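need the 3D shape of this:
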Amino acid sequence: MRLLPYCILLLLTITFIPLSLREPLWLLALTPVALLALAGTWDLLQRSQNLRRNYPVLAHVRYLMEDLRPALRQYLFESEEDGRPFPREQRSLVYRRAKGVNDKLPFGTLRDYYAPGHEWIHHSVRPIEPTDVRLRVDVGGSDCSQPYSASVFNISAMSFGSLSANAIKALNRGARLGGFAHDTGEGGISPHHRQGGDLIWEIGSGYFGCRDERGAFDPARFEEHARDPQVKMVEIKLSQGAKPGSGGILPAAKVSREIAATRHVPMGVNCVSPSVHSAFDTPIGLLEFVARLRERSGGKPVGFKLCIGHPIEFMAIAKAMLATGIRPDFIVVDGAEGGTGAAPLELANRVGTPLREGLIFARNILVGTGLKADIRLAASGKVTSGYHLAANMALGADWCNAARGFMFALGCIQSLACHTDHCPTGVATQDPLRQRALVVTDKAQRVANYHAATLGALSGIVGASGMHHPGELQPRHLQRRTGDLEVQTAAELYTFLEPGELLADPPPTFATTWAAASAERFALA
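Next up is the predicted model:
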């Protein structure tokens, strides 16, 4: 019976066709009626969507609003503190700094200083004027013959393939202009990375750019690229915060000729990044791989990146360092809140340790074993401002990496379309028509502007605290409101081990796991 109204509309349309041929105005009136009748009939007959069968034509309004909802919420209804994963306030700050326009706050803060979770850094009654302090950190231990002076703020790992060619070009050119480093991501070093900016070459489990025909690590190919003067450091990716414990597949249809050449993979075949490395399977094996890469690279700093998972595994790596005497030059801790082009919802939401807990844990193991003096520690995950840099460095980081912050500097509007290849700004797409919207020369300068302004903000925080360098920040300087009437420092909220404490007299919260950890295996037997 529900088909009857639409059948009547169609019959009336057909009946009045002769009249419409004589009177064109009738044709204009009948066209929308006919289209509605056809749409309603189709909705009633289709079997895939319940809503359209019960509410023909009207259901399409619901689907349209569902598509428009994120944009309407972002542009019309969001407050400055709303918006996920980055609130409007943080996005706007990056945009203003990237454009080099006024980034000052008028009238007063919008934040509720008395809400649980609010944080701040202690200031001094004798502040120091911000100066051109050297906001860099020397990376490279005693086994490293080509140490690198890294900025305390660098571009985190984002692969060509995940980002467009123009985005990669702009990021690397911006890194050159600003004198900081650009992590390649695990997709290898593409021609678009060759804009003169310093590179941190990330080696993932797929060994893209240094693999043989079977997908195993190829030392000769690695050496060929690693000795390139543009490559300053090498980073082994153990896991990623946004999707820890997961590999990845780039479908054959997306493996272009350019991506195939960059990654050393065949076209027409799925490009698989396994969930585990084939070059090693024990903590000692990992460190031997580190030493091997350092030698093959000509003595450049080599480290690894991971999202902290089972505590026993990181402890096992530390025991392997003590057993072998091999030290990575740096370790990057990636927080579970970090970004990705696409990730399973359960992994992104419920697997992996958040950055702060992961960073503090890694710091405790390295300090508690006396290893921290030889190893630099970096933090990655939702870093956009000078405050984020200062807070992470107070908790133990030597430098910070950012991915989405630099994407905002490129023009990203947080449309959450990274996985669709329909990025509206040309940042996260391989569509040549979409990515042409991103003008490399303009966005490169914005990347450099954003970096410089963020370091300027960090200098301001450090100076206001009465210090000369962010390396002086300590957990006691970071405050957090934990209740309506309660404030604690990070030193009170978290446990911070003293140098060598884990070896001499481990606290009860560490003792059992530390005793069970073995340099011979990642987990319990």
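
now the residue positioned nearest the centre of the chain. Nearest residue, chain neighbours left out?
Most central in the chain under C-alpha atoms, centre = their mean is residue 339, positioned 3.5 Å from the mean C-alpha point. Here the nearest residue to residue 339 in space, its sequence neighbours aside, is residue 404; by C-beta to C-beta, 6 or more residues apart in numbering that works out to 4.8 Å. (Each C-beta comes from the backbone N, C-alpha and C, glycine too.)

by mean pLDDT, flag the weakest helix or strand of the protein.
Ranked by mean pLDDT, DSSP states H and E, the weakest helix or strand in the chain is helix 17-22, scoring a mean of 54.

about what we covered before: the residue nearest to residue 339 and residue 157: what is the separation?
The gap separating residue 404 from residue 157 is 12 Å, by C-beta to C-beta, to the nearest Å.

ok, residue 320 next?
24 Å.

same question, residue 38
Residue 38 is 50 Å from residue 157, by C-beta to C-beta.

where do the strands sit along the stretch 251-400 of the chain?
271-273, 302-306, 330-334, 376-380, 399-402 (DSSP state E, counting those that start in this stretch).

the last one - contacts with which helices or strands?
Pointing back at strand 399-402 there. strand 153-155, strand 376-380, helix 386-394 (3 or more C-beta pairs under 8 Å, 6 or more residues apart in numbering; DSSP states H and E).

let's see 10 Å
Under the contact definition 3 or more C-beta pairs under 10 Å, 6 or more residues apart in numbering; DSSP states H and E, strand 399-402 sits against strand 136-139, strand 148-151, strand 153-155, strand 181-183, strand 330-334, strand 376-380, helix 386-394, helix 440-464.

can you check the first one too?
Packed against strand 271-273, as judged by 3+ C-beta pairs under 10 Å, 6+ apart, are the following elements: strand 248-250, helix 257-263.

rank these by pLDDT, which is bottom?
Across the helices and strands packed on strand 271-273, strand 248-250 has the smallest mean pLDDT, namely a mean of 72.

neighbouring strands - and their directions - for that strand?
strand 271-273 (antiparallel) (DSSP bridges).

what residue ranges in the protein score low on pLDDT?
Where the chain drops to pLDDT under 70, the residues are 1-31, 33-34, 68-83, 131-132, 253, 524-525.

show me how it divides into domains.
As recorded under automatic domain parsing, the domains making up the chain are 4-76, 136-516.

about what we covered before: of residue 38 and residue 157, which one has the most company?
residue 157 (24 against 14; other C-beta atoms under 10 Å).

residue 514: which element?
Counting by DSSP states H and E, the element that carries residue 514 is helix 508-516.

pull the residues that contact that helix.
When contacts are defined by C-beta atoms under 10 Å, 6 or more residues apart in numbering, helix 508-516 is touched by residues 310-312, 314-316, 318-319, 361, 364-365, 368-369, 495, 497, 501-503, 505-507, 523-525.

make sure residue 479 is indeed in a strand.
Yes. Residue 479 forms part of a strand when assessed by DSSP: H, G, I helix; E, B strand; the rest coil.

distance check, it against residue 121.
7 Å.

hmm, residue 438 is touching residue 192, no?
No. Contact criterion C-beta atoms under 10 Å: residue 438 and residue 192 do not qualify, at 11.8 Å.

picking that back up, mind listing what the residue nearest to residue 339 touches?
Contacts of residue 404 (C-beta under 10 Å, 6+ apart): 85-86, 90-91, 94, 156, 158, 338-340, 381-384, 412, 414, 418.

need the buried ones from the residues you listed selected in ChimeraX.
The buried residues among the contacts of residue 404 can be selected in ChimeraX (16 or more other C-beta atoms under 10 Å) with this line:
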select :86,90,91,94,156,158,338,339,340,381,382,383,384,412,414,418
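
what about the closest residue in space to residue 161 that isn't next to it in sequence, how many residues nearby?
Nearest residue to residue 161, sequence neighbours excluded (C-beta to C-beta, 6+ apart): residue 187, at 4.8 Å. Applying other C-beta under 10 Å, we find 26 other residues in the vicinity of residue 187.

pretty sure residue 187 sits in a helix.
No. Counting by three-state DSSP, residue 187 falls outside a helix, being coil.

how much space separates it from residue 262?
In terms of C-beta to C-beta, residue 187 sits 7 Å off from residue 262.

leaving out sequence neighbours, find the closest residue to residue 451.
residue 178 is the one closest to residue 451 (C-beta to C-beta, 6+ apart), at 4.4 Å.

which parts of the stretch 151-300 of the chain are helices?
165-178, 219-226, 257-263, 283-296 (DSSP state H, counting those that start in this stretch).

give me the spatial nearest neighbour of residue 471, chain neighbours excluded.
Closest to residue 471 by C-beta to C-beta, 6+ apart is residue 393, at 7.0 Å.

isn't that neighbour right up against residue 376?
No. Residue 393 is beyond contact range of residue 376, at 11.8 Å (criterion: C-beta under 10 Å).

before we move on, back to that, so which of the helices and strands packed on strand 271-273 gets nearest residue 353?
Minimum separation from residue 353 across the helices and strands packed on strand 271-273 (C-beta to C-beta) falls at strand 248-250, 20.4 Å.

buried stuff in the closest one?
248, 250.

again, but for stretch 98-116
98-99, 103.

go on, stretch 208-224?
For stretch 208-224, using 16+ other C-beta under 10 Å, the buried residues are 208-211, 215, 217-218, 222.

what about that stretch, how long is it end to end?
End-to-end distance of stretch 208-224 (C-alpha to C-alpha, to the nearest Å): 13 Å.

now stretch 214-230
Termini of stretch 214-230 sit 28 Å apart (C-alpha to C-alpha).

and that stretch, how far out from the chain middle?
25 Å (C-alpha atoms, centre = their mean, to the nearest Å).

same check on stretch 111-130?
Centre to centre, stretch against its chain (C-alpha atoms, centre = their mean), the figure for stretch 111-130 is 27 Å.

quick one: end-to-end distance for stretch 374-382.
27 Å.

quick check: closest non-adjacent residue to residue 163.
residue 428 (5.8 Å).

tell me the contacts of the one you found?
Contacts of residue 428 by C-beta under 10 Å, 6+ apart are 158, 162-164, 167, 341-342, 407, 410, 412, 415, 417-422, 434-435.

which residues does the residue nearest to residue 451 contact?
By C-beta under 10 Å, 6+ apart, the contact set of residue 178 is 151, 153-155, 197, 444-445, 447-452, 455.

would you list the residues you listed in JSON lines and tack on distance to residue 462?
Output for the contacts of residue 178, formatted as JSON lines (distance: C-beta to C-beta, whole Å):
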{"residue": "151", "distance to residue 462": "15"}
{"residue": "153", "distance to residue 462": "13"}
{"residue": "154", "distance to residue 462": "18"}
{"residue": "155", "distance to residue 462": "22"}
{"residue": "197", "distance to residue 462": "26"}
{"residue": "444", "distance to residue 462": "28"}
{"residue": "445", "distance to residue 462": "26"}
{"residue": "447", "distance to residue 462": "23"}
{"residue": "448", "distance to residue 462": "21"}
{"residue": "449", "distance to residue 462": "21"}
{"residue": "450", "distance to residue 462": "19"}
{"residue": "451", "distance to residue 462": "17"}
{"residue": "452", "distance to residue 462": "16"}
{"residue": "455", "distance to residue 462": "10"}
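
filter these down to the buried ones, ChimeraX style.
Buried residues among the contacts of residue 178 (16+ other C-beta under 10 Å), as a ChimeraX selection:
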select :151,153,154,155,197,444,445,447,448,449,450,451,452,455
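
of the contacts of residue 178, which is the nearest to residue 61?
Distances from residue 61 to the contacts of residue 178, taken by C-beta to C-beta, are shortest for residue 450, at 40.4 Å.

from residue 200, how far out is that closest one?
19 Å.

got it, and residue 412?
The gap separating residue 412 from residue 200 is 21 Å, by C-beta to C-beta.

swap in residue 371?
On the measure of C-beta to C-beta, residue 371 and residue 200 end up 21 Å apart.
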